[in-house]
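**Q** quick one, structure for this:
(one chain, ligands or ions: 2)
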Amino acid sequence: MKYSHPESLARFAVEIRNSGYRGLAVVHSNRLQWLLNTTAEVLDGNCIAVAPQSLAVPRRCRPGSPGGFERLLGSEADYVIIATDGLLRPNLVAGLAGVVSSGGMLVIMAPPLHEWNPGPSGGVGGYRRYLLSSLREARVLLWADADTGEVYAYQPPRGRAHEWLLGPRGYEPRFGAPRRLLGLAATPSQAEALDRFSLYLDAGYRSFLVTGDRGRGKSYLLGLAVALAVKRGAAGEAVAVAPSPASLASFYKGLIRGLRVLGLRYRIRRVGGDVVAVTGPWGRIAYAAPDDAKPTGLLVVDEAAAVGVARLRRLAWKSGRVLAATTIHGYEGSGRVFQHMVEDVLPKPLERVELREPIRYPPGDPLEDWVNRVFVLKPEPDYPAPASVDECRVEQLEPRSLAEQPEAVRRLVQLLALAHYRTEPDYLLVILESRNHILHALVCGGSLAAAADVALEEWGLEEPARIALKILWLQADSAAKELKAARIVRIAVHPELQRRGLGRKLLSAVEDWARGKGVDIVAALFGRHDVIGFWVKTGYTLFYVSPRYNKATGEKNLGFAKPLTPKGAEVLTNASRRARRKLVLGAHSTYRDLAAEKTAILLRATQPLHDAPIVLEQLDHKALNTYMEGVVELEQVIDSAYLATASALLAGCEDRLDDRSLVALVARILQGKPIGETAEILGASVEEAQALLREALKALIGCRRSRTQRRSP
Ligand SMILES: CC(=O)SCCNC(=O)CCNC(=O)[C@H](O)C(C)(C)COP(=O)(O)OP(=O)(O)OC[C@H]1O[C@@H](n2cnc3c(N)ncnc32)[C@H](O)[C@@H]1OP(=O)(O)O
Ligand SMILES: Nc1ncnc2c1ncn2[C@@H]1O[C@H](COP(=O)(O)OP(=O)(O)OP(=O)(O)O)[C@@H](O)[C@H]1O
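**A** Ligands and ions are numbered 1, 2, ... in the order given. From the prediction side, this is the model:
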């Protein structure tokens, strides 16, 4: 078969249209402008074309730029054309594929195959290999060269998506949602979710979370739900938070249709064509950007990932009710890790619903399957764990040869996705193209059990490729500039094999490998506080606690490291002392919102200072003695108690205290929490907490006078 442009492409489009499914076409040519113009002419339907500035998008298609494609994600088109003269970012393909509607096609236009590099310039070329070897996995595909007529692959659609009809398909209400509103649902799971929302309103729940992959009708459902809230008098002055008014288009569509069928009066306010508020005698549903949003009676968050966990927590806790949606699998790459974080921060009681069926195209759609596989949009390990972990070995994987085995790449991404709240498709570029990232795999019985993504850092590299060194430098001194570091970007063990020593085994193999490369220090920066214990148990020292919250995770990022050389040890000791100073002296301000239990754990993971910069006067000793003897209460000598605690904890005296005593001192004296709250944290009565504090201070004061030795990191 010979490819003749544009007729062959037009024929393929008709085949796809008749099937009701969606397909992929990849066409190469030296004449991209001609390819773009002729394609736009023959495709029958609406189109979006994303192209670099050097190409003019034909008038027939809605234009978009590779850097601004996110603006197009709420829309829909029969044909989405991506024209590129080189780079084809995974995020771009995965994101725009979701915009193609049923019976439509994603068309990629690129330079001739032999000269096309879809990866970034300066990369090692692994992504090109990976993408090209993955293309044939598309079940509906036309891949050809328009200049030579050569066809690389032709896989027409098989069968037709007959039974696929939009609607609630016989869903019977169980929880009291009005039938006429349920009739607007596009899928049974959307109808059920709406029905459950009715129960939520009646039961007085605080939060309602809608989860689902892209294009499942989450935003539209939020709109229908808010219409129901209006009907029940529960909306008032509601706020809908999203990155832009355009991204709320589907929400407002659902809201307006819902209000209409419920017979409620409304007025629409638009700015630049986008709806920004719907008002009525019942109140108002207004758009707010994430930075401007204020807590309110009913808070609607259209995409939690766009708002971030920290901001979501702040807004949600002060709002009456929260209605939020989060994309589990989509190009946003939020994933299950993020979903659990969102669930954690939303006020309880919480009702959660999942929308399953796609709306823009039928279930089992070949394009969706291909995008999910190739760009690993379902990043949870779906392969069985090795049956035995007796015979394992660690391998370093070279990106170019790794790229030849697409399945291996996907397993690695699935595993490494566990170590991060968000894994975007672009992460493929990091592991397949970076010169300074090396993947380490722990393979047991031929199967992948654990993996680590390790970046080699040197001062000469551009940021962010030397982020650990930069923080060490800021925390310690210029000696950090002389170091070579290995940063564990991500490390993860198959979920079925965790806590069996494999993480430790892999980490120690990475350290050995790093030693061989002349590395001075191995570091890890992360925002997942549930794994602090792993780093402490494997001998890592804390050298950094971010003063700010990570917007996405809502946690303060931490830095842990282990030195491999004396030079590394010296820098780490200095940086870690700095971290201790900040934790102790900033406990009442910057770090006051860290739980006292966590501050206590982190303190134990830092290095003590030789000479604590706090001197107690004779008067302080006298005051403390009267407190120890029970003559006065802590509150009467709080100034001296603060100086004594800070000074002793700077010097590393916490090793004289058990965990509860340390937590008590941190909460009451360093953080300044009231005694009642301190007692609550300890799970003790106020009297018990007071006694514990007195004993703890007694132990510290003795230590402060005698301590001189230093720990080795
Ligand atoms: C830079 C980053 O990537 S941070 C993110 C880390 N990765 C993740 O969160 C992904 C999900 N988690 C995992 O994949 C794994 O649990 C890892 C990588 C954190 C640890 O690997 P595992 O094989 O489970 O740990 P391993 O069994 O080797 O444990 C070593 C020690 O750490 C302790 N430990 C491990 N995980 C934890 C934890 N979450 N909390 C407290 N202690 C822990 C173990 O008890 C053990 O201590 P012990 O030897 O005194 O008994
Ligand atoms: N019940 C419905 N009736 C009519 N159209 C609907 C309905 N539900 C969703 N849609 C349409 O289906 C498309 C996808 O819905 P929506 O935008 O709500 O999905 P989403 O899950 O928020 O995903 P995405 O992030 O991909 O937009 C939109 O064009 C929306 O207008």
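
**Q** CA only for contacts and neighbour counts going forward, please
**A** Will do.

**Q** residues of the chain that sit close to ligand 2?
**A** Within the chain, the residues that sit near ligand 2 (C-alpha under 6 Å from any ligand atom) are 74, 184-186, 214-220, 250, 359-360.

**Q** so how many other residues sit close to residue 655?
**A** 12 (other C-alpha atoms under 10 Å).

**Q** as a check, name the ranges of all helices in the stretch 151-300 of the chain.
**A** Taking DSSP state H, counting those that start in this stretch, the helices of the stretch 151-300 of the chain run over residues 179-182, 188-203, 218-231, 249-261.

**Q** for the first one, which outside residues touch it?
**A** To tie it back to what came earlier, the one meant is helix 179-182. Taking contacts as C-alpha atoms under 8 Å, 6 or more residues apart in numbering, the residues outside helix 179-182 that touch it are 168, 173, 191, 194-195, 224, 258, 261-262.

**Q** which among these count as buried?
**A** Buried subset of these (neighbour count, 16 or more other C-alpha atoms under 10 Å): 168, 191, 194-195, 224, 258, 262.

**Q** for ligand 1, see how far away residue 298 is.
**A** Using C-alpha to the nearest ligand atom, to the nearest Å, residue 298 is found at 34 Å from ligand 1.

**Q** ok, now residue 420?
**A** Per C-alpha to the nearest ligand atom, residue 420 is found 6 Å from ligand 1.

**Q** what sits against that residue?
**A** Applying C-alpha under 8 Å, 6+ apart, the residues contacting residue 420 are 337, 490, 528.

**Q** the first one: what secondary structure?
**A** Going back to what we said before, that points to residue 337. What DSSP: H, G, I helix; E, B strand; the rest coil gives for residue 337 is helix.

**Q** for residue 63, what are phi and psi?
**A** For residue 63, the backbone dihedrals are phi -90, psi 160 (criterion: degrees, to the nearest 10).

**Q** so what's it bridging to?
**A** Beta-bridge pairing for residue 63 (DSSP bridges): residue 49.

**Q** wait, isn't it in contact with residue 49?
**A** Yes: between residue 63 and residue 49 there is a contact under C-alpha atoms under 8 Å: 5.1 Å.

**Q** could you name every residue contacting both of those two?
**A** Shared contacts of residue 63 and residue 49, defined by C-alpha under 8 Å, 6+ apart, comprise residue 57.

**Q** the more surrounded of the two?
**A** The residue with more neighbours, out of residue 63 and residue 49, is residue 49; 26 against 17, by other C-alpha under 10 Å.

**Q** so for that one, what's the pLDDT?
**A** We have a pLDDT of 97 for residue 49.

**Q** and it, what does it touch?
**A** For residue 49, the contact set (C-alpha under 8 Å, 6+ apart) comprises 57, 61-64, 80-83.

**Q** report the buried members of these.
**A** For these, buried by 16+ other C-alpha under 10 Å: 57, 61, 63-64, 80-83.

**Q** closest residue of the stretch 451-600 of the chain to ligand 2?
**A** residue 552 (18.1 Å; C-alpha to the nearest ligand atom).

**Q** the residue in the chain sticking out farthest from the centre: what secondary structure?
**A** The centre of the chain is farthest from one residue, residue 631, which by C-alpha atoms, centre = their mean lies 53.8 Å away. Of the three states, residue 631 takes coil under three-state DSSP.

**Q** same thing with the one 10 residues further on?
**A** Assigned state for residue 641: helix (three-state reduction, three-state DSSP).

**Q** please apply the same query to residue 583.
**A** Residue 583 - assigned by three-state DSSP - is helix.

**Q** could you look up the SS state of the residue nearest in space to the middle of the chain?
**A** With distances taken as C-alpha atoms, centre = their mean, residue 422 lies nearest the centre of the chain, 2.5 Å away. Judged by three-state DSSP, the three-state class of residue 422 is coil.

**Q** now swap in the one 10 residues further on and tell me
**A** Under the three-state scheme (three-state DSSP), residue 432 adopts helix.

**Q** quick revisit: what's the closest of the buried ones among the contacts of residue 49 to ligand 2?
**A** Of all the buried ones among the contacts of residue 49, residue 80 has the smallest distance to ligand 2: 14.6 Å, by C-alpha to the nearest ligand atom.

**Q** what's the following helix or strand after the one helix or strand the closest one maps to?
**A** Taking DSSP states H and E as the definition, one finds residue 80 inside strand 77-83. Downstream of strand 77-83, the first helix or strand assigned by DSSP H and E is helix 90-97.

**Q** residues making contact with the following helix or strand past that following helix?
**A** Following helix 90-97 in sequence order, the next helix or strand is strand 100-110 (DSSP H and E). Under the contact criterion C-alpha under 8 Å, 6+ apart, strand 100-110 has outside partners 13, 16-29, 32, 35-36, 76-86, 97, 116, 360-362.

**Q** buried ones among the residues you listed?
**A** Buried residues within the contacts of strand 100-110, defined by neighbour count using 16+ other C-alpha under 10 Å: 13, 16-17, 19-29, 32, 35-36, 76-86, 97, 116, 360-362.

**Q** up against ligand 1, what does the chain have?
**A** Selection of the chain residues close to ligand 1 by C-alpha under 6 Å from any ligand atom yields 418-419, 488-493, 498-504, 524-526, 530-531, 533-534, 537.

**Q** ok so, going back, can you add neighbour count and pLDDT and give the contacts of residue 420 back as JSON lines?
**A** As requested, the contacts of residue 420 are exported to JSON lines (neighbours: other C-alpha atoms under 10 Å; pLDDT from 0 to 100):
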{"residue": "337", "neighbour count": "18", "pLDDT": "76"}
{"residue": "490", "neighbour count": "20", "pLDDT": "97"}
{"residue": "528", "neighbour count": "16", "pLDDT": "84"}
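
**Q** and those residues, which is closest to ligand 1?
**A** residue 490 (3.3 Å).

**Q** still on that earlier bit, quick check: ChimeraX command selecting the buried ones in the residues of the chain next to ligand 1.
**A** To isolate in ChimeraX the members of the residues of the chain next to ligand 1 that are buried, counting by 16+ other C-alpha under 10 Å, one can use:
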select :418,419,488,489,490,491,492,493,502,503,504,524,525,526
